[in-house]
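# Below is the sequence, then the predicted model.
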Amino acid sequence: MNRKTNIERDLTFDEWNTLPFETKREIWNHYWDPYEPEIGRKTKKEIVERFSNDLKIDFEQIGIGSFGFGVYMLFVIVKDSKTRVPKKFSDIPVNKGVIQGGSNNQKVIVKFDYGGTMEIDLTEKMKIK
């Protein structure tokens with residue numbers, strides 16, 4: 001059965017997970033928009049929640065966001081660079097970030113595998129961007 005998925009509606013994780021890779025890629029490349037993070041928010045939240053539940057490591061923050069040129073990735077921020085993080089989850093690439101040091105209050109300096117080093121606010125355990 002070949003049915004077309006309406007990429008403009010929010011999906012449950014189970015609906016997302018059954019989509020072919022090409023459809024998922026179409027959604028994260030051409031529908032989700034880092035300048036309008038509300039688009040697909042429920043779908044992104046469901047993916048991050050499932051990723052968080054399935055991940056068997058300690059982390060400081062987990063989420064999904066754009067890492068330049070509209071490249072959406074899941075991300076996990078950890079304290080120890082030796083912590084192993086999967087490269088993908090449900091076909092979405094995972095970007096590991098390692099805390100390099102503190103800045104102030106809840107803000108820390110994080111070096112990501114992809115996207116460089118940036119200051120991150122760890123107030124929220126889960127970020128949907």
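Perfect, thanks for sending it.

# State whether I62 and V76 are indeed in contact, as I suppose.
Yes: with the criterion set as C-beta atoms under 8 Å, I62 and V76 qualify as a contacting pair; they are 5.3 Å apart. (Each C-beta comes from the backbone N, C-alpha and C, glycine too.)

# what touches both of those two?
Here I62 and V76 have L55 as joint contacts, going by C-beta atoms under 8 Å, 6 or more residues apart in numbering.

# can you give me the strands in this protein?
Taking DSSP state E as the test, the strands found in the chain are 61-66, 72-78, 88-89, 92-104, 107-112, 116-121, 126-128.

# got the buried residues for the helix ranked longest in the chain?
If each helix of the chain is counted by residues according to DSSP state H, the longest one is helix 41-54. Of the residues in helix 41-54, those buried under the neighbour-count criterion (16 or more other C-beta atoms under 10 Å) are T43, K44, K45, E46, I47, V48, R50, F51, S52.

# Distance to K24 and pLDDT for the residues you listed - can I get that in CSV?
What follows is the buried residues of helix 41-54, written out as CSV (distance: C-beta to C-beta, whole Å; pLDDT from 0 to 100):
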residue, distance to K24, pLDDT
T43, 10, 96
K44, 12, 97
K45, 16, 97
E46, 13, 97
I47, 10, 98
V48, 15, 98
R50, 14, 98
F51, 14, 98
S52, 19, 97
